[in-house]
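In: no FASTA, just this:
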């Protein structure tokens, strides 16, 4: 049984790092904002943040953008102070940052290696820095750290085939590190009544850059999933949506078929 108490009744502010309106972060902002949280959004470019804040205002959600670079640790600490000053204590930290890098991990050099370093800095390193910067608020309010993850986070032979076939090797390594960080933080911070968990998005999300028009997973379903995870605060800190590996298995089977076809051609 979980030793964590109920989530904060006074709501407070959700700080979203790696904000993008079209996808999980936008859905999380809309869900938590609709439940009474103020929404603070971090992303590189000011214009999309301003547009998102205006759109949320039309829905009665208090939201404000804070432009920033997730690889700048000192800058992030400053943003946390500004969020506190302008929107109040941070009850929830939602981390949504990602960066594609190094598709083929067997052939990394130069720019690929630099991209892996940058990706690690803007994901796992940035998450740890933001947890440290917000922990006093989270601990005082019994808050939560919620992380967007995906199928490529898992250490599994079928997942490995999937990652290599779609050319996301570097990203897979980075996401696996982030997954480990979530587990360690979950274990460490439960004694402080701070819940840490992740939602692993197992299919392409409608309306995102990965959607070729065939995606069926609605962003709103992801927002709802994160809010359930936050509200239940249970021992299961990593949940899947949808709760299966169907897409991964299908692509892994395609990888096997392609490998078999290639082997057949090499014998001819």
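Out: Perfect, thanks for sending it. Given the structure is predicted, the values throughout are model-derived calculations rather than measurements. Numbers count the residues shown, from 1 in each chain.
In: drop to CA atoms for contacts and neighbour counts, all remaining ones
Out: Will do.
In: in the stretch 51-200 of the chain, which spans are strands?
Out: Here the stretch 51-200 of the chain has its strands, by DSSP state E, counting those that start in this stretch, at 63-67, 90-95, 144-150, 195-201.
In: tell me the angle of the third one relative to strand 90-95?
Out: Interaxial angle, strand 144-150 versus strand 90-95 (axes from the mean of the first three to the mean of the last three Cα atoms, to 10 degrees): 10 degrees.
In: which residues are in contact with strand 144-150?
Out: Strand 144-150 has contacts (Cα atoms under 8 Å, 6 or more residues apart in numbering) with 7, 24, 91-97, 131, 138, 175, 179, 182, 194-202, 226, 230.
In: what are the pairing partners of it, and which direction each?
Out: Taking DSSP bridges as the criterion, strand 144-150 pairs within the sheet with strand 90-95 (parallel), strand 195-201 (parallel).
In: Just put these in TSV and tack on mean neighbour count, mean pLDDT and distance to residue 15.
Out: As requested, the strands paired with strand 144-150 are exported to TSV (neighbours: other Cα atoms under 10 Å; pLDDT from 0 to 100; distance: least, Cα to Cα, whole Å):
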stretch	mean neighbour count	mean pLDDT	distance to residue 15
strand 90-95	27	98	5
strand 195-201	26	96	14
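In: could those strands go into JSON lines alongside distance to residue 166?
Out: What follows is the strands paired with strand 144-150, written out as JSON lines (distance: least, Cα to Cα, whole Å):
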{"stretch": "strand 90-95", "distance to residue 166": "24"}
{"stretch": "strand 195-201", "distance to residue 166": "16"}
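In: To residue 28, which of these lies closest?
Out: Evaluated over the strands paired with strand 144-150, closeness to residue 28 peaks at strand 90-95, with 8.3 Å, by Cα to Cα.
In: how much distance is there from the closest one to the middle of the chain?
Out: Taking Cα atoms, centre = their mean, to the nearest Å, the mean C-alpha location of strand 90-95 is offset from the chain mean by 12 Å.
In: hmm, who's touching that strand?
Out: By Cα under 8 Å, 6+ apart, strand 90-95 touches 8, 11-18, 83-84, 127, 131, 134, 137-138, 141-148.
In: excluding its backbone neighbours, what's nearest residue 247?
Out: Distances taken as Cα to Cα, 6 or more residues apart in numbering place residue 203 nearest to residue 247, at 6.4 Å, with adjacent residues excluded.
In: Help me confirm that that neighbour is found in a helix?
Out: No. Assessed with DSSP: H, G, I helix; E, B strand; the rest coil, residue 203 is coil; it does not lie in a helix.
In: hang on, isn't it packed against residue 249?
Out: No. Distance between residue 203 and residue 249: 11.5 Å, which falls outside the contact criterion (Cα atoms under 8 Å).
In: quick one, which of those two is more surrounded?
Out: Each of residue 203 and residue 249 had its neighbours counted (other Cα atoms under 10 Å), and the higher figure belongs to residue 203 (21 against 15).
In: That's all I had, so thanks and see you.
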